[in-house]
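Q: could you look at this predicted model? Sequence included:
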Amino acid sequence: MSASKIQVEARLWLAQRLSAFVLALGVIIHLVTIVYAVRGGLSASEVVDRVGGNLGWSLFYGIFVVAVAVHAPIGLRAILNEMTSLTSRRVDLLCFIAATFLVVTGLRTVLAFHHLRVG
C-alpha cells in the first residue's frame with residue numbers, strides 16, 4: 001500500500017471516529033429532549049411549533065445530518081470493499097453518491113422543518 005493510500009485510509013478512519021462522537025452526542029441530546037418534551041406533556045404539533053424556525057435546533061440537526069453523511073458512507077465503503085469484487089474507484093464513487101444523497105436530502109429536511117410552523 002502506498003504512503004498516500006495509507007494517509008487517505010488514516011484520514012477516513014479519523015473522520016469516521018470524529019463523526020461517531022458527534023452522532024453519539026447528538027443522539028443523546030435528541031433523546032433527552034424528546035423525553036423532556038413528552039414528560040412535559042407537549043404534543044407533536046407543540047414541539048414542531050416550538051422547534052420549527054429555531055435557528056439553534058436547525059444548526060444542531062444540520063450538524064447531525066453532516067455527521068451522518070460522513071460516517072455512514074465510510075462504513076459502507078469498508079463493507080463494499082470487503083464483500084464485493086468492485087474496484088476501489090467504483091466503491092468510492094458509490095460512497096460519494098451515498099454521501100451526497102444523505103447531505104442533500106437531510107439538509108432539505110432540516111431546512112423545511114426550519115420553515116415549518118403548525119399553529
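A: It's in.
Q: now do the spatially most central residue of the chain, the pLDDT please.
A: For the chain, the residue sitting closest to the mean C-alpha position, by C-alpha atoms, centre = their mean, is V68 at 2.1 Å. The model reports V68 with a pLDDT of 98.
Q: how about the secondary structure of it?
A: Assigned with DSSP: H, G, I helix; E, B strand; the rest coil, V68 falls in the helix class.
Q: show me the contacts for the closest residue to it other than its chain neighbours.
A: Distances taken as C-beta to C-beta, 6 or more residues apart in numbering place L102 nearest to V68, at 5.8 Å, with adjacent residues excluded. Quick note: C-beta positions are derived from backbone N, CA and C, even for glycine. Taking C-beta atoms under 8 Å, 6 or more residues apart in numbering, we find L102 in contact with 65, 68-69, 72-73.
Q: ok, the residue nearest to the centre of the chain touching T109?
A: No. In this structure, V68 is not within contact of T109 by C-beta atoms under 8 Å, at 11.4 Å.
Q: and the closest residue to Y61 other than its chain neighbours, what is it in contact with?
A: With C-beta to C-beta, 6+ apart as the criterion, Y61 has its nearest non-adjacent residue at 4.7 Å, and that residue is V110. Neighbour list for V110: 58, 61-62, 65 [criterion: C-beta under 8 Å, 6+ apart].
Q: can you list which of those are found in strands?
A: Of the positions in those, not one sits in strands, assigned by DSSP state E.
Q: neighbours of E82, just the number please.
A: By the measure other C-beta atoms under 10 Å, the count of residues near E82 is 7.
Q: so it, which state does it fall into?
A: Per three-state DSSP, E82 ends up helix.
Q: over to the one 3 residues further on?
A: Taken by three-state DSSP, the conformation at S85 corresponds to coil.
Q: right, I'll leave it there.
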